[in-house]
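Chemist: With the sequence up front, the predicted model follows.
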Amino acid sequence: MDIDREVLEVDVLVVGAGPAGLSFGYHLANLIGKSEGRVAKPEVIIAEKGSYPGAHSLSGAVLNPKSLAEMMPDFLEKGFPLEKKVKDDSLLFLTRNSKFKFPFLPESMKNDGNYIISLNKFTSWLAEQVEAKEISIFPETSVRELLIENGRVIGVQTIDLGLDKEGKPKSNFEPGSIIKAKVIVLAEGVHGSLTKQAYSKLDIGYAKLPQAYLTGVKEVWEIPENRLRDGEVIHTFGWPLPSEDYGGGFIYDMGNKMAAIGFAVGLNSPNPTNDPHYYLQLFKTHPEIKKIFEGGKMLHYGAKTIPEGGFFSMPKLYHDGLLIIGDSAGFLNSQKLKGIHLAIKSGMMAAEAVFDALEKNDFSAASLKGFETRFESSWAREELYAVRNFHAGFDDGLLMGLVHSGLQMVTRGGGLFNRRETLPDHKHMMFLEEFTARKGQEAVTKNLKYDNLYTFDKLTDVFRSGTKHEEDQPPHLVISDYDICNNKCAEEYGNPCTHFCPAQVYEMIDDESRPGRKKMKLTPSNCVHCKTCDIADPYQIITWVTPEGGGGPNYTNL
Ligand SMILES: Cc1cc2nc3c(=O)[nH]c(=O)nc-3n(C[C@H](O)[C@H](O)[C@H](O)COP(=O)(O)OP(=O)(O)OC[C@H]3O[C@@H](n4cnc5c(N)ncnc54)[C@H](O)[C@@H]3O)c2cc1C
């Protein structure tokens, strides 16, 4: 249908009010302020799909405050929401019933001087600092499409509101707007949907490695007194993951008898029943972990993917009219599983490049390349380059991964190989029959029965994420071929989406028209926007698109 759309024109549009997008706004406002009128104040807006900045923000989170201190030296005086300073840091290797504590931590793994935060609270606080600089943030604004003209990014289109399930306008229909800008900054976080469009339509992929991902699943608990030491941070590897899978657990003291527990699992698993939510529930049953959480109360839940590929998986960071920052561009230290400080730093470097572009009134790729030039000579590049081969080192399983990472530590990141070829995550998945023939039936058997007091089924967990969506809208998880789900995928992989989705969006239910057979049932309203399905689906027939703004999780304390 032909739709008359409102067209807005601004100087700079940022998509995503996470640490990267907000830091971009804050730093740009500072630079403009310091220029004392040399560069006219631009109109900058930040669009965020969550119901408020922070509603979709989920992280561990242990923050390295380096970039925050560079950007805002008085952040502590400004009321930075600190839960705890890290005071106690350990790394455990778990077997089913015991633990081995590493007697010391390598320098690169230590958390001295870092802060335990809730990303969700941090993001809300940072948004207040940005608004105080007179930069507008528009929550509940889902940006749907990147607009490209003659190879140049010219703007975006926001989502049409008030469409029913079939895509027909309801009485409250409101067409999405076109927002034109001299430069669009993509700060959508991991596996951004506009970033995906930029990958497919623009030449920004370079000939590097595909991005690699983990799915992180997290709960926040109120626990009995004295179960954790003050400012304690625990990281684990080993059980319950099989040795060919990549990932591990984390537990952080948040003070006031609150604790975060999470588990992150690689999406390059050969196992078609790989289930990050199940691993978190199993992890909690380990005797060492139970000692901490038993008798407590689970309050909040969430899940999100993490871009783990590292330096060689980063795209080209700029194009005519476009910059990509934060997780969207893979600014994440894969060894430490930390991206917040790099998201902030990337926002700052992009702001400096945009400041120069505003001064020259030149938003071409040649001008915006200043972002990459700054990155190349920054500590962020040094940090990412030092761990460039970390994730790939685990392609041969846990044991070889430890050997590779030991070698990388003494060779400053080189080890036995550099830029090792790898396939996209979904191509590592094996057919169910082939996998069970190799690993045995027990590798795909899920014995744990959830009691919904200590271990939780997916629906109970999703309830604690505060997730809500308008039910009568087109599904934002677009399956291009249901026939593949109901037949080919059922036979070959056993419908892995029903396992890897941490929010029970996908279910196979009885198909009345085919006795004895099942069909796909989709419940998009459960979706916590983690993007696992878009990444891990072996046929790549699931596309995650933005739903109506304000829909999705309403995280608190995560
Ligand atoms: C389980 C887990 C544990 C982690 N632990 C740590 C840790 O301990 N320390 C650490 O430093 N890092 C950690 N990270 C990584 C860290 O959270 C990220 O690196 C960081 O949040 C990236 O910031 P960002 O601004 O790039 O993206 P995000 O924080 O993801 O923000 C992106 C924002 O963009 C919005 N958005 C996306 N698409 C659109 C759209 N189309 N329209 C409008 N808005 C949109 C989203 O709603 C979101 O608010 C962890 C991540 C996970 C998942």
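Modeler: Great, that's in hand.
Chemist: who's in contact with stretch 32-49?
Modeler: Residues from elsewhere that reach stretch 32-49 (Cβ atoms under 8 Å, 6 or more residues apart in numbering): 10-17, 21-22, 25, 28-29, 31, 56, 130, 133, 135-143, 156, 158, 179, 355, 358-359, 546-547, 549-552. For the C-beta atoms, the positions are set from N, CA and C on the backbone; glycine is no exception.
Chemist: Check the burial of the residue in the stretch 351-500 of the chain that the ligand sits nearest to by counting its neighbours.
Modeler: Residue of the stretch 351-500 of the chain nearest the ligand, by Cβ to the nearest ligand atom: residue 476 (10.7 Å). Residues near residue 476, counting by other Cβ atoms under 10 Å, number 22.
Chemist: Nearest residue to it in space, please, no chain neighbours.
Modeler: Computed as Cβ to Cβ, 6 or more residues apart in numbering, the closest residue to residue 476 that is not its neighbour in sequence is residue 547, at 3.7 Å.
Chemist: Residue 141 now?
Modeler: residue 47 (4.2 Å).
Chemist: Tell me the spacing between that neighbour and the ligand.
Modeler: 5 Å (Cβ to the nearest ligand atom, to the nearest Å).
Chemist: Contact residues of the stretch 101-250 of the chain facing the ligand?
Modeler: Within the stretch 101-250 of the chain, the positions adjacent to the ligand are 119, 142, 143, 187, 188, 189, 190, 192, 193, 194, 216, 218 by Cβ under 6 Å from any ligand atom.
Chemist: Out of those residues, the closest to residue 242 would be?
Modeler: Residue 242 has its nearest neighbour among these in residue 216, at 18.3 Å by Cβ to Cβ.
Chemist: Confirm for me that the closest one is in contact with residue 306.
Modeler: Yes: counting by Cβ atoms under 8 Å, residue 216 does reach residue 306; the two are 5.4 Å apart.
Chemist: which neighbours do the two share?
Modeler: Joint contacts of residue 216 and residue 306 (Cβ under 8 Å, 6+ apart) are residue 264.
Chemist: Need phi/psi at the residue nearest to residue 141.
Modeler: The phi and psi values for residue 47, taken as degrees, to the nearest 10, are phi -100, psi 130.
Chemist: Now for it, how many residues are close by?
Modeler: Neighbours of residue 47 (other Cβ under 10 Å): 24.
Chemist: swap in residue 430?
Modeler: 18.
Chemist: what's the closest non-adjacent residue to it?
Modeler: Using Cβ to Cβ, 6+ apart and skipping the chain neighbours, the partner closest in space to residue 430 is residue 270 (4.5 Å).
Chemist: Tell me how far residue 85 lies from residue 115.
Modeler: 6 Å (Cβ to Cβ, to the nearest Å).
Chemist: Between the two, which has more neighbouring residues?
Modeler: residue 115 (21 against 15).
Chemist: Most neighbours among the residues of the stretch 101-250 of the chain next to the ligand, please name it.
Modeler: Of all these, the highest neighbour tally under other Cβ under 10 Å goes to residue 187, namely 33 neighbours.
Chemist: per-residue pLDDT, that one?
Modeler: Residue 187 is assigned 98 on the pLDDT scale.
Chemist: cool, and residue 397?
Modeler: Per-residue confidence at residue 397 stands at 85 (pLDDT).
Chemist: show me the contacts for it.
Modeler: 243, 244.
Chemist: What segments of the stretch 351-500 of the chain are helices?
Modeler: According to DSSP state H, counting those that start in this stretch, the stretch 351-500 of the chain carries its helices in the segments 365-368, 370-376, 379-386, 398-410, 432-439, 458-463, 482-483, 490-492, 497-500.
Chemist: so which of those helices is the most packed in?
Modeler: For those, the largest average neighbour count (mean count of other Cβ atoms under 10 Å) is found in helix 497-500, namely a mean of 23.
Chemist: Would you mind giving the residues of the stretch 101-250 of the chain next to the ligand as JSON lines with secondary structure added?
Modeler: Formatted as JSON lines, those follow (DSSP: H, G, I helix; E, B strand; the rest coil):
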{"residue": "119", "secondary structure": "helix"}
{"residue": "142", "secondary structure": "coil"}
{"residue": "143", "secondary structure": "strand"}
{"residue": "187", "secondary structure": "coil"}
{"residue": "188", "secondary structure": "coil"}
{"residue": "189", "secondary structure": "coil"}
{"residue": "190", "secondary structure": "coil"}
{"residue": "192", "secondary structure": "coil"}
{"residue": "193", "secondary structure": "helix"}
{"residue": "194", "secondary structure": "helix"}
{"residue": "216", "secondary structure": "strand"}
{"residue": "218", "secondary structure": "strand"}
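Chemist: for the closest residue to residue 51 other than its chain neighbours, what are its contacts?
Modeler: In this structure, residue 51 finds its nearest non-sequential neighbour in residue 550, 4.5 Å apart by Cβ to Cβ, 6+ apart. Contacts for residue 550 (Cβ under 8 Å, 6+ apart) come out as 49, 50, 51, 139, 140.
Chemist: give me every residue that touches the residue of the stretch 401-550 of the chain found nearest the ligand.
Modeler: Here the stretch 401-550 of the chain gets closest to the ligand at one residue, residue 546, 4.6 Å apart by Cβ to the nearest ligand atom. Listed by Cβ under 8 Å, 6+ apart, the contact set of residue 546 reads 49, 142, 143, 144, 159, 193, 476.
Chemist: next one: residue 452
Modeler: residue 460.
Chemist: where does it land on pLDDT?
Modeler: The model's pLDDT for residue 452 equals 97.
Chemist: hang on, the earlier thing: the residue nearest to residue 476 in helix, strand or coil?
Modeler: coil.
Chemist: List the buried residues for stretch 504-511?
Modeler: In terms of neighbour count (16 or more other Cβ atoms under 10 Å), stretch 504-511 has its buried residues at 504, 505, 506, 507, 508.
Chemist: Please work out the angle formed by the directions of the helix or strand hosting residue 89 and helix 398-410.
Modeler: Residue 89 is part of strand 88-94, with elements assigned from DSSP states H and E. Angle, strand 88-94 to helix 398-410, by axes from the mean of the first three to the mean of the last three Cα atoms, to 10 degrees: 140 degrees.
Chemist: So what touches strand 88-94?
Modeler: Against strand 88-94 from outside (Cβ under 8 Å, 6+ apart): 99-102, 105, 109-112, 229-240, 249, 286, 288.
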